[in-house]
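Chemist: fold the stuff below for me.
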Amino acid sequence: MSREKALETIMEHIKPVETAELIPIERSVNRVLARDLVAAMDIPPFDRAAMDGYAVKAEDTYGASEFSPKTLKLVGVLRAGESTSREIKNGECIRIATGCPIPPGADAVVMAEFTEEDGESVSIYKAVHPLENISLRGEDIKKGEVIIREGEILTPAKIGVFAALGIRKAPVYRKPRVAIIPTGVEVQDLGLKLSGGQVYDVNSYTLASLLLENGASVTRAPIIPDSYEALRAALYRYIDHDLIVFSGGSSVGERDMLADIIEEDGKLLFHGVQIKPGKPTLFGTVRGKPVLGMPGYPASCLSNAYVFLIPIIRKMARLPPKKPTTVKAKMAKRIVSASGREQFLTVRVVDGKAYPAFKKSGDITSLSKADGYVILPVNLDVIDEGEEVTVTLFE
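Modeler: Presented below is the predicted three-dimensional model:
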């Protein structure tokens, strides 16, 4: 099956998470809002000063200039957080800080830089018109207005809107729960001693990092042996998750049992993709839950995760598809493509040249040093040195 058809098949069986949860707003950044945010109050909740200065009746300032100032009696001071019920009369003013409620009777604020105060009176050197330097009640947000729509991703600025409305918790869609199940007697967990022929578990950590980065909640299962009973038991142990990912156990060979289990208990939708690295990838559903079998070799596994796993989890998490960033480069050496398979060639980009970074499917360092990949189509045999290619960047 082609990569495009495999991804299309997968996405047809992936559904966005429906359930929501209420979480503190300080933990809601990059989460997806589960219902419209409707303002329960006006913002600002009162007419307030937009500048430091003096609250006045605008008509008292008409004709004021640098050479012919108007003089008003100072009858009070409002510092930040203070208010007054005293009504300003003609010929009076109150010194006011930015954000303070406008006193009764005042209809404008003269900026402090256009005034001079002597303790009992204030000279006004510039006239103001009614409502000048005043933020009106509801000017920013009106009560009953939909401020943030369901489905929007919460940014720091949007979280600030919740705070401005006095709301401590945000309703967001819960994160998709993903179980990662590493398999193979040759795989050992970190911190334990390796015995003959064993390697440390790389895949569950790289996959977990990628999933967390793209909005998932991750459960890393203990490493299980490639036996029918162990694979089947692990599948049902984590069947309550939204997605189950097996790493290893999906290659065609003696230990090829995961495909059989999915076929027996659910629906195997494909086993094998015309792609290098990552040919043995499989996908199916059991009890309506998507199950993805990833290659065991670290470089193959992580390469396929960029192709298949990121689109899956972002759809589940209701996040927009990740838009790839591409750059043009000249191939630094002649490349012979894999026969009959689309190839993802990992490369480093240095001074406009693309240097192949891929070594073998088991080498994770090839990806750690790569900037991105070049897609070599099925029908392409050779890319010559100096030929222009499109590099899709990992970050």
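Chemist: now Ile96: how far from Val77?
Modeler: In this structure, Ile96 lies at 8 Å from Val77, with Cβ to Cβ, to the nearest Å as the measure. Just so you know, the C-beta spots here come from the backbone N, C-alpha and C atoms, and that holds for glycine as well.
Chemist: Glu263 now?
Modeler: 80 Å.
Chemist: same question for Ala50.
Modeler: 18 Å.
Chemist: still on that earlier bit, more neighbours, Ile96 and Val77?
Modeler: Ile96 (31 against 13; other Cβ atoms under 10 Å).
Chemist: that one contacts Ala49, correct?
Modeler: Yes: using Cβ atoms under 8 Å, Ile96 makes contact with Ala49 at a distance of 4.7 Å.
Chemist: need the overlap of contacts for those two.
Modeler: Both Ile96 and Ala49 are contacted by 55, 102, 109, under the criterion Cβ atoms under 8 Å, 6 or more residues apart in numbering.
Chemist: how about those residues in CSV, adding neighbour count, secondary structure and pLDDT?
Modeler: As requested, these are exported to CSV (neighbours: other Cβ atoms under 10 Å; DSSP: H, G, I helix; E, B strand; the rest coil; pLDDT from 0 to 100):
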residue, neighbour count, secondary structure, pLDDT
Ala55, 27, strand, 98
Ile102, 27, coil, 98
Val109, 28, strand, 98
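Chemist: which one among those gets closest to Ala40?
Modeler: The nearest member of the shared contacts of Ile96 and Ala49 to Ala40, counting by Cβ to Cβ, is Ile102 at 23.0 Å.
Chemist: which residues does that closest one contact?
Modeler: Contacts of Ile102 (Cβ under 8 Å, 6+ apart): 46-49, 55, 96, 109, 134.
Chemist: tell me the one of these nearest Leu190?
Modeler: Scanning the contacts of Ile102 for proximity to Leu190, where the rule is Cβ to Cβ, the winner is Arg48, at 57.0 Å.
Chemist: state the distance from that closest one to Gly99.
Modeler: 5 Å.
Chemist: ok, these two, which is more surrounded?
Modeler: Counting neighbours by other Cβ under 10 Å for Arg48 and for Gly99 shows that Arg48 has the greater number, 20 against 16.
Chemist: give the closest residue to Glu384 in space, chain neighbours not counted.
Modeler: Heads up, residue 384 is Asp, not Glu. Arg334 (5.6 Å; Cβ to Cβ, 6 or more residues apart in numbering).
Chemist: any idea how far the one you found is from Ala354?
Modeler: 12 Å.
Chemist: ok, those two, which is more surrounded?
Modeler: With neighbours defined as other Cβ under 10 Å, Arg334 and Ala354 compare such that Ala354 has more, 29 against 11.
Chemist: each with direction, which strands does the helix or strand hosting the more buried one pair with?
Modeler: Using DSSP states H and E, Ala354 sits in strand 353-356. Strand 353-356 has the following strand partners under DSSP bridges: strand 326-331 (parallel), strand 342-350 (antiparallel).
Chemist: just the CA trace of the first one, in PDB.
Modeler: Taking only C-alpha atoms (Å, rounded to 0.1, in the frame of the first residue of the first chain), the coordinates of strand 326-331 have been written out as PDB:
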ATOM      1  CA  THR A 326      10.400  23.200   3.400                       C
ATOM      2  CA  VAL A 327      13.600  24.500   1.900                       C
ATOM      3  CA  LYS A 328      15.300  24.000  -1.400                       C
ATOM      4  CA  ALA A 329      18.800  22.500  -1.400                       C
ATOM      5  CA  LYS A 330      21.300  20.900  -3.800                       C
ATOM      6  CA  MET A 331      22.000  17.200  -3.300                       C
END
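Chemist: beyond that strand, next helix or strand please.
Modeler: Next element after strand 326-331 (DSSP H and E): strand 335-336.
Chemist: so what touches that following strand?
Modeler: Strand 335-336 is contacted by residues 345, 356, 376, 381-383 when judged by Cβ under 8 Å, 6+ apart.
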